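Asks: Attaching a predicted model along with its sequence, questions to come.
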Amino acid sequence: MATEKISRWNMHKFPITSQMEYRKARRAEAQAIIDKNAQIANGFAAISKNRVAEEGNLFSRIAMERMGQKVSKRA
C-alpha cells in the first residue's frame, strides 16, 4: 500500500499523518495556482488601466485639435 498513490478516493486507507501531508500538499498547490492567477489578473488590469488612460489622452488630443481647427476657421 506504500507504493500506492494517495487520492481523495483511497485516502481513508492511509494513516492520519499521510492524509494530513496529502492535504497540506494539495493546499500548497492550490495556493500556488491562486497566486499565479492573481498575478495574471493584476497584469491584465494594469494593461486595461493603461489602455483606458491612453485612450483618454488620445480623445483629449483629438478634441483639442478639432477645437483648434474650429477657432482657426472662424478667424
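Replies: Here it is on my side, so go on.

Asks: When you work out contacts or count neighbours from here on, use the C-alpha atoms and nothing else.
Replies: OK.

Asks: chain center to the helix or strand hosting Thr17, what's the gap?
Replies: Using DSSP states H and E, Thr17 sits within helix 16-74. From the chain centre to the centre of helix 16-74 is a distance of 8 Å (CA atoms, centre = their mean, to the nearest Å).

Asks: what number of residues lie near Lys49?
Replies: 12 (other CA atoms under 10 Å).

Asks: now it: how far from Ser60?
Replies: Remark: distance between Lys49 and Ser60 (CA to CA, to the nearest Å) = 17 Å.

Asks: how far away is the most centrally placed residue in the chain from Lys5?
Replies: Centroid-nearest residue in the chain: Ala41, 1.7 Å away (criterion: CA atoms, centre = their mean). For Ala41, the distance to Lys5 equals 34 Å [CA to CA].

Asks: Please apply the same query to Met64.
Replies: Met64 is 68 Å from Lys5, by CA to CA.

Asks: Which of these two has more residues huddled nearby?
Replies: A count of neighbours by other CA under 10 Å puts Met64 above the other of Met64 and Lys5, at 12 against 9.

Asks: The more buried one and Ser48: what is the separation?
Replies: Taking CA to CA, one finds Met64 at 24 Å from Ser48.

Asks: Could you check which helix or strand contains Ser7?
Replies: Using DSSP H and E, Ser7 maps to neither a helix nor a strand.

Asks: And the pLDDT for it?
Replies: Ser7 is assigned a predicted lDDT (pLDDT) of 85.

Asks: what mean pLDDT would you report for the helix holding Thr17?
Replies: Computed over helix 16-74, the mean pLDDT rounds to 88.
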